[in-house]
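**Student:** Predicted model and sequence below, questions to follow.
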Protein chains: 2
Amino acid sequence: MSTIVVNPHITDAEWEVMRVVWANGRVTSKEIISILKEKMDWKPATIKTLLGRLVEKGVLNTEQEGRKFIYTTNIEEKEAVGNYTDDIFNRICRKNVGNVVGSIIEDHVLSFDDIQRLEEILEMKKAFAVEEVDCQCTEGQCECHLHHHGG
Amino acid sequence: MSTIVVNPHITDAEWEVMRVVWANGRVTSKEIISILKEKMDWKPATIKTLLGRLVEKGVLNTEQEGRKFIYTTNIEEKEAVGNYTDDIFNRICRKNVGNVVGSIIEDHVLSFDDIQRLEEILEMKKAFAVEEVDCQCTEGQCECHLHHHGG
DNA sequence: CATTTACGTTTACGCATGTAGACAATAAGG
DNA sequence: CCTTATTGTCTACATGCGTAAACGTAAATG
């Protein structure tokens, strides 16, 4: 039984549905519709479409239970979030990752525990830190190469 | 002179073009086409379309210089990246921001300087840290509320 | 058993996006 | 001045996405 899980794109609208599935584990369309009723100004049909697409893409599973279907996820939230964050960091120069992380931290509220955990992670990262991060950008797509052709 | 800069969406393809503009400041379409020639398997026409759309959206400026146009950005990279990162953090529970940042750090190479800078930022954040981050999710979209209705 | 209700599937449609050819205008060169 | 090359604009088209109505089918209910 090999569950092949690829990396399908979860769109904005679909993500709203996925959050409900991730938070609740086993849900019916009815529950999802009810939970999203207020936040999203969607007709039930809209959610049904999204569910259909998510099943089609293999992001969600269905098990028929009596007359209704139970939806479960094939992709954990952590994984989906990871894919999403990877997208960002593929859009910037690697040399810049530290700065972007810095900005993220500055812009968000953290708990004491969060901070402590992050400090621990940083402590561990020191063992693998480099003098200068390697720029992997195509020449002309980041400033790192500027000194190569004297601008 | 008030430069009103909104927050238009920069698509994946457009981003490739923007990176060239951000890295080089003042560029012609010819330069962009040349820089992206190998990385993206695009016909020159494709880049022209993207440039047109970016100008239309107000992301890029054009100044006519002789026969050709010089493209310059209206939106700094940092800002665009910020918009992008905000998207992610709007997709997850605030309580989870710390963990996501932790994963990002774990997954990327950092320099000693990066780590030190991040440590400094964390140090400063301690002054504003909270005991527990406030969950702002719609009920049913994250696990924080689970204990409210005993599931 | 007939009717109503609930739920998934099919169809629909406009706008965004990736990709690019065709066309127009203008500068350069002969 | 006419031809050619260059560069921006217009048009095109398939697919993805947001949004939703219509439809079919099966379960619940009377």
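**Tutor:** Nice, I can see it.
**Student:** Name the residues that touch the lowest-mean-pLDDT helix or strand in chain A?
**Tutor:** When the helices and strands of chain A are scored by mean pLDDT, DSSP states H and E, strand A:60-65 comes last with a mean of 90. Contact with strand A:60-65 is made by A:21, A:51, A:54-55, A:69-74, as judged by CB atoms under 8 Å, 6 or more residues apart in numbering or on different chains. Placement of C-beta: from N, CA and C, glycine included.
**Student:** got the residues of chain A near DNA strand D?
**Tutor:** A:9, A:11-14, A:40-43, A:45-46, A:48-50, A:66-67 (CB under 7 Å from any atom of the strand).
**Student:** now the host helix or strand of A:Val101: mean pLDDT?
**Tutor:** Assigned by DSSP states H and E, A:Val101 falls within helix A:97-107. Averaging pLDDT along helix A:97-107 gives 98.
**Student:** name the helices or strands packed onto it?
**Tutor:** helix A:77-89, helix B:77-89, helix B:97-107, helix B:112-125 (3 or more CB pairs under 8 Å, 6 or more residues apart in numbering or on different chains; DSSP states H and E).
**Student:** So for that helix, what gets flagged as buried?
**Tutor:** A:97-102, A:104-105 (16 or more other CB atoms under 10 Å in any protein chain shown).
**Student:** Closest one to A:Cys137 out of those residues, please.
**Tutor:** Distances from A:Cys137 to the buried residues of helix A:97-107, taken as CB to CB, are shortest for A:Val97 (12.1 Å).
**Student:** what residue ranges in chain A are flagged as low confidence?
**Tutor:** A:1-6, A:146-151 (pLDDT under 70).
**Student:** Show me how it divides into domains.
**Tutor:** Using automatic domain parsing, the domain parsing of chain A gives A:1-91, A:93-146.
**Student:** Distance to B:Leu122 for the buried residues of helix A:97-107 - can I get that in TSV?
**Tutor:** Below are the buried residues of helix A:97-107 laid out as TSV (distance: CB to CB, whole Å):
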residue	distance to B:Leu122
A:Val97	16
A:Gly98	13
A:Asn99	15
A:Val100	15
A:Val101	11
A:Gly102	10
A:Ile104	12
A:Ile105	7
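**Student:** and stretch A:43-52, which residues are buried?
**Tutor:** Using 16+ other CB under 10 Å as the test for burial, stretch A:43-52 gives A:47, A:50-51.
**Student:** got the end-to-end distance for stretch A:105-118?
**Tutor:** Criterion CA to CA, to the nearest Å; first-to-last residue distance in stretch A:105-118 is 10 Å.
**Student:** what does chain A have sitting close to DNA strand C?
**Tutor:** So chain A meets DNA strand C at A:28-30, A:45, A:48-49, A:51-52, A:55, A:67-69 (CB under 7 Å from any atom of the strand).
**Student:** Now intersect the residues you listed with the strands, please.
**Tutor:** Under the assignment DSSP state E, those contribute A:68-69 to strands.
**Student:** Now for the residues of chain A next to DNA strand C: which two are most distant?
**Tutor:** Most distant of those, by CB to CB, are A:Thr49 and A:Arg67, 20.2 Å apart.
**Student:** so how far is the helix holding A:Val101 off the chain centroid?
**Tutor:** Here helix A:97-107 is found 17 Å from its chain centre; the criterion is CA atoms, centre = their mean, to the nearest Å.
**Student:** same check, this time on stretch A:56-63
**Tutor:** Using CA atoms, centre = their mean, the offset of stretch A:56-63 from its chain centre is 18 Å.
**Student:** one step back: inside helices: which ones of the contacts of strand A:60-65?
**Tutor:** A:21, A:51, A:54-55 (DSSP state H).
**Student:** Would you mind confirming that A:Ile104 makes contact with B:Val101?
**Tutor:** Yes. Applying CB atoms under 8 Å, one finds A:Ile104 in contact with B:Val101, separated by 5.9 Å.
**Student:** Please tell me how far A:Gly25 sits from A:Gly140.
**Tutor:** 48 Å (CB to CB, to the nearest Å).
**Student:** Who has more neighbours out of the two?
**Tutor:** A:Gly140 (21 against 13; other CB atoms under 10 Å in any protein chain shown).
**Student:** Give me the three-state assignment for the more buried one.
**Tutor:** Under the three-state scheme (DSSP: H, G, I helix; E, B strand; the rest coil), A:Gly140 adopts coil.
**Student:** nearest spatial neighbour of it, skipping sequence neighbours?
**Tutor:** In this structure, A:Gly140 finds its nearest non-sequential neighbour in B:Ile35, 3.5 Å apart by CB to CB, 6 or more residues apart in numbering or on different chains.
**Student:** Ramachandran angles for that neighbour?
**Tutor:** The phi/psi pair for B:Ile35 (degrees, to the nearest 10) reads phi -70, psi -40.
**Student:** contacting residues around it?
**Tutor:** Contacts of B:Ile35 by CB under 8 Å, 6+ apart are A:138-141, B:20.
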